[in-house]
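[1] just to be clear, the model below is a prediction. Sequence and coordinates:
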Amino acid sequence: MRPIWKERPSFGYQSVKAVVLGGFALVIVVPIMVVISTSLASDQDIIDAGGYVLWPSHPTVKAYQTLFSGGLMGRAILVSVFVTVVGTAIALAVTIALAYATSRPVLFGRPVLLMVLFTLLFAPGIIPMFLVVKQLGLIDSLWSLILPGALGAFNFVVLRTFFMNVPAELLESARIDGASDITILRRVVMPLSKAVIAVVGLFYAVGFWNAFFNALLYLNDTSKWPVQVILRTYVLQGKSLSADQLGVEPLPQPQSLQMAVVVVALVPIALVYPFLQRHFTKGVITGAVKG
Amino acid sequence: MVLLMVPGVLFLLVFFYLPVLGNVVAFQDFQPYLGIMHSEWNGLQNFVSLYDNPDFWDALRNTLLLAAVQLLLFFPVPLALALIVDSLVSNRLRRWFQTIAYLPHFLSWVLVVTLFQQSLGGAGFVNNLLRQAGLDPIPFMTNPDTFPLLVVAQLIWKDAGWAMIIFLAALTTVDVSLYEAAAADGAGRWRRLWHITLPSLRTVIVLLLILRIGDILSVGFEQFILQRDSVGPGAAEVLDTFTYYAGVVGGDWSSGAAAGLAKGVVGALLLWGANSLAHRLGEPGIFQRRGVS
């Protein structure tokens, strides 16, 4: 409904708005569409179009078949999935426990809270981080991609803000019934905060899936590379996939093979995005406004 | 309760506070086989040699330049987008746009740079179209002179939509009766924007500006490391990539750590400075002193 005091905008205003918003949306959508279309295009489509295809007229999944037959991509996906799933589980457990404990008046609560918030202001630096990971013997281990990212201050703030709004009486009555702190957290607090926990979990998952630099820094062993590093090496730097793949003959156009790699990195995000989009606005705003 | 804090505190100690202490290698002639305990201390020697290193000054200059360009060109975009979206009357249109605009925030930098390369690179589809039209291709992705603009374009593509959220949220808190009264008094669209909307957003704008300034030296690290090779270190070397290439790649751990430490300290000072400036201007900023509200 148009508020009564808002005049109907002139045609000029309307068209400027439409151009700005429409243009912005197109610039986002078109490259993504071209990448997906090209990955599905047949060799002939690509040759006809001179490289990129806006809409595949003869869609084929040959690029994906080739990609997965070589082992390289399958392994990278396993690595990325492992890091994402295990990383998210650990990060959630650690963050929930810490956020819940500091959301209540508890011994050491205040200094611990300050310890977390300080991490927002200052980063320890690449070199000392590398030396610590090395000292722990985590170089070339997938744990080097998981452990350093296990506590995100922003996610902590979002969860803590939510937990602070759980009524104290509820926790008190559970305690009188003889429940321990961990039982209260699992049986009372967590069921009440399912949505916000899901959002924070997805934030973590997206972060682990997207992480690139940690892998570059800590992994020398190419067989442990996650999807993002594969994407960088074979698409951005243009190293030839077929040389390392030794897969089926005849190979499809390198263009569609490369675009298939891009799509593999993109798909998980696209799958969780609708859910994320429905809930994150709430989470972000709670964290930002009240934190 | 205290038990619940143990894992989190352990993570913080090992993966944050221990590395913070590890910055002492900036004051050592660090040798990996000797370790932190047995490497020799050399005082400020590493900082002196940084001072004499032209590459470091290049990295510092690039960092500041890129940060300034980002601050000037990126910051207004989400605000403008939010104002336009907020003025849309149709809720469906608004949701459609938001769905598209937020998506790129969740894509990795590797993916974003790849999409840019496929679109604007030498063999990308824009240049393909130019060639087909008989024009010369434009080296968007490799020209060091226009690199700052490329960087901002990527940042806007990835994060302008996302940064809009916070302004949109703030816009819903503006008192509608103010608009009504102003309109009744004959204030037009622009006067309402200038006298009601922007003053109402002041606190949020200042807050976000401070956060950006504090973050200024960490200008998108992955974004630069991914493009350093194609543009060349002359334009794309920033303090973080300098640290990485000098320390981890080049094996000069102490210089790298010194550069990293210098960056961290300057960044923290900038944040603190911006915040106290905000206090002077009567804004809450990001951290209040307790007792002062």
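    Cool, got the structure.
[2] for the rest of this, base every contact and every neighbour count on C-alpha atoms.
    Will do.
[3] ranges for the helices of the stretch 101-250 of chain A?
    Counting by DSSP state H, counting those that start in this stretch, the stretch 101-250 of chain A has helices at residues A:109-118, A:126-135, A:143-146, A:153-164, A:168-176, A:181-184, A:190-192, A:194-210, A:213-218, A:227-231, A:241-245.
[4] pull the CA atoms of the fourth one into PDB?
    Included here for helix A:153-164 are C-alpha records, laid out as PDB according to Å, rounded to 0.1, in the frame of the first residue of the first chain:
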ATOM      1  CA  ALA A 153      33.100 -13.900  17.000                       C
ATOM      2  CA  PHE A 154      30.200 -12.700  15.000                       C
ATOM      3  CA  ASN A 155      28.400 -16.000  15.200                       C
ATOM      4  CA  PHE A 156      29.100 -16.000  18.900                       C
ATOM      5  CA  VAL A 157      27.500 -12.600  19.400                       C
ATOM      6  CA  VAL A 158      24.400 -13.600  17.400                       C
ATOM      7  CA  LEU A 159      23.900 -16.800  19.500                       C
ATOM      8  CA  ARG A 160      24.700 -15.100  22.800                       C
ATOM      9  CA  THR A 161      22.200 -12.300  22.100                       C
ATOM     10  CA  PHE A 162      19.500 -14.800  21.400                       C
ATOM     11  CA  PHE A 163      20.300 -16.900  24.500                       C
ATOM     12  CA  MET A 164      20.200 -13.800  26.700                       C
END
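[5] from the contact counts, what lies against it?
    Other helices and strands packing on helix A:153-164, by 3 or more CA pairs under 8 Å, 6 or more residues apart in numbering or on different chains; DSSP states H and E, are helix A:72-103, helix A:194-210, helix A:254-290.
[6] so which bits of it are buried?
    Buried positions in helix A:153-164, judged by neighbour count with 16 or more other CA atoms under 10 Å in any protein chain shown: A:A153, A:F154, A:N155, A:F156, A:V157, A:V158, A:L159, A:R160, A:T161, A:F162, A:F163.
[7] can you point out the buried residues in the host helix or strand of B:A80?
    Element membership of B:A80 [criterion: DSSP states H and E] is helix B:76-87. Using 16+ other CA under 10 Å as the burial criterion, the residues of helix B:76-87 that qualify are B:V77, B:P78, B:L79, B:L81, B:A82, B:L83, B:I84, B:V85, B:D86.
[8] what distance do you get for the third one to B:F15?
    Okay, so that is B:L79. Taking CA to CA, to the nearest Å as the measure, B:L79 falls 36 Å from B:F15.
[9] equivalent analysis for B:K158, please.
    With distances defined as CA to CA, the gap from B:K158 to B:F15 amounts to 28 Å.
[10] do A:G125 as well
    Following CA to CA, the distance that separates A:G125 from B:F15 is 11 Å.
[11] these two: which has the busier surroundings?
    Set side by side, A:G125 and B:F15 show unequal neighbour counts under other CA atoms under 10 Å in any protein chain shown, the larger going to A:G125 at 24 against 21.
[12] quick check: phi and psi on that one?
    A:G125 has phi and psi values of phi 100, psi 150 when expressed as degrees, to the nearest 10.
[13] for it, which non-adjacent residue is closest in space?
    For A:G125, ignoring the flanking residues on the chain, the nearest one in space by CA to CA, 6 or more residues apart in numbering or on different chains is B:G260 at 5.7 Å.
[14] got the residues of the stretch 101-250 of chain A near chain B?
    If contact is defined as CA under 8 Å from any CA of the partner chain, the residues of the stretch 101-250 of chain A in contact with chain B are A:101-102, A:106-108, A:112, A:115-116, A:119, A:121-129, A:131-132, A:147-148, A:150-151, A:181-182, A:206, A:210-213, A:217, A:228, A:231-232, A:235-236.
[15] ok, of these, which come out buried?
    For these, burial is judged from neighbour counts taken by 16+ other CA under 10 Å, and it is met by A:101-102, A:112, A:115-116, A:119, A:122-129, A:131-132, A:147-148, A:150-151, A:181, A:206, A:210-213, A:217, A:228, A:231-232, A:235-236.
[16] what residues does the stretch 51-200 of chain B have near chain A?
    Residues of the stretch 51-200 of chain B found near chain A (CA under 8 Å from any CA) are B:81, B:84, B:89-90, B:97, B:99-104, B:106-111, B:113-115, B:117-119, B:124-125, B:128, B:157, B:165-166, B:169, B:179-180, B:183-184.
[17] re the thing from before, for the buried residues of helix A:153-164, which one is nearest B:P137?
    For these, the minimum distance to B:P137 (CA to CA) is 42.9 Å, reached by A:F154.
[18] ok, of the helices of the stretch 101-250 of chain A, where does mean pLDDT dip lowest?
    Mean pLDDT per stretch puts helix A:241-245 lowest among those, at a mean of 64.
[19] tally of neighbours for A:P111?
    Counted with other CA under 10 Å, the burial measure for A:P111 works out to 11 neighbours.
[20] apologies, that question was intended for B:A182.
    By other CA under 10 Å, the residues close to B:A182 number 18.
[21] isn't it up against B:W190?
    No - in this structure, B:A182 is not within contact of B:W190 by CA atoms under 8 Å, at 11.3 Å.
[22] list residues touching both of the two?
    With contacts taken as CA atoms under 8 Å, 6 or more residues apart in numbering or on different chains, not a single residue reaches both B:A182 and B:W190.
[23] list the contacts of the residue of the stretch 51-200 of chain B found nearest chain A.
    When CA to the nearest CA is the measure, the stretch 51-200 of chain B has its nearest residue to chain A at B:S108, with 4.8 Å between them. With CA under 8 Å, 6+ apart as the criterion, the residues that contact B:S108 are A:N210, A:A211, A:Q228.
[24] with A:I146 instead?
    Contacts were defined as CA under 8 Å, 6+ apart; by that measure A:I146 touches A:V83, A:V86, A:G87, A:F208.
[25] can you rerun that using 6 Å?
    With contact set as CA atoms under 6 Å, 6 or more residues apart in numbering or on different chains, A:I146 has these partners: A:G87.
[26] repeat for A:S42
    A:S42 makes contact with A:H58, A:T60 under the criterion CA under 6 Å, 6+ apart.
[27] tell me how far it lies from A:A265.
    Between A:S42 and A:A265 the computed distance is 21 Å (CA to CA).
[28] one more: A:P191?
    Using CA to CA, A:P191 is found at 32 Å from A:A265.
[29] of those two, who's got more company?
    Neighbours around A:P191 and A:A265, counted as other CA under 10 Å, are more numerous at A:A265. The numbers are 24 against 11.
[30] from B:G186, how far out is that one?
    From A:A265 over to B:G186 (counting by CA to CA), the distance is 53 Å.
[31] and what of B:G35?
    Between B:G35 and B:G186 the computed distance is 73 Å (CA to CA).
[32] ok, B:L3 next?
    Looking at B:L3 against B:G186, where the rule is CA to CA, the gap reads 63 Å.
[33] hey, where'd the strands end up in the stretch 1-150 of chain B?
    For the stretch 1-150 of chain B, the strands identified by DSSP state E, counting those that start in this stretch occupy B:28-29, B:40-41, in order along the chain.
[34] which helices and strands sit right next to the first one?
    Helices and strands touching strand B:28-29, by 3 or more CA pairs under 6 Å, 6 or more residues apart in numbering or on different chains; DSSP states H and E, are strand B:40-41.
[35] ditto for the last one
    Taking 3+ CA pairs under 6 Å, 6+ apart as the contact definition, the neighbouring helices and strands of strand B:40-41 are strand B:28-29.
[36] which residues touch A:V235?
    Contacts for A:V235 (CA under 6 Å, 6+ apart) come out as A:Q258.
[37] so for it, what pLDDT did the model give?
    Note on A:V235: pLDDT of 85.
[38] ditto for A:I4
    For A:I4, the pLDDT comes out at 66.
[39] for A:L246, same thing?
    Looking at A:L246, its pLDDT stands at 50.
[40] ditto for the one 3 residues further on
    Predicted confidence (pLDDT) at A:E249: the value is 59.
[41] A:G152 now?
    The per-residue confidence score, pLDDT, reads 87 for A:G152.
[42] give the burial count for it, as a bare number.
    A:G152: 19 surrounding residues under other CA under 10 Å.
[43] for it, grab phi and psi.
    phi -100, psi 130.
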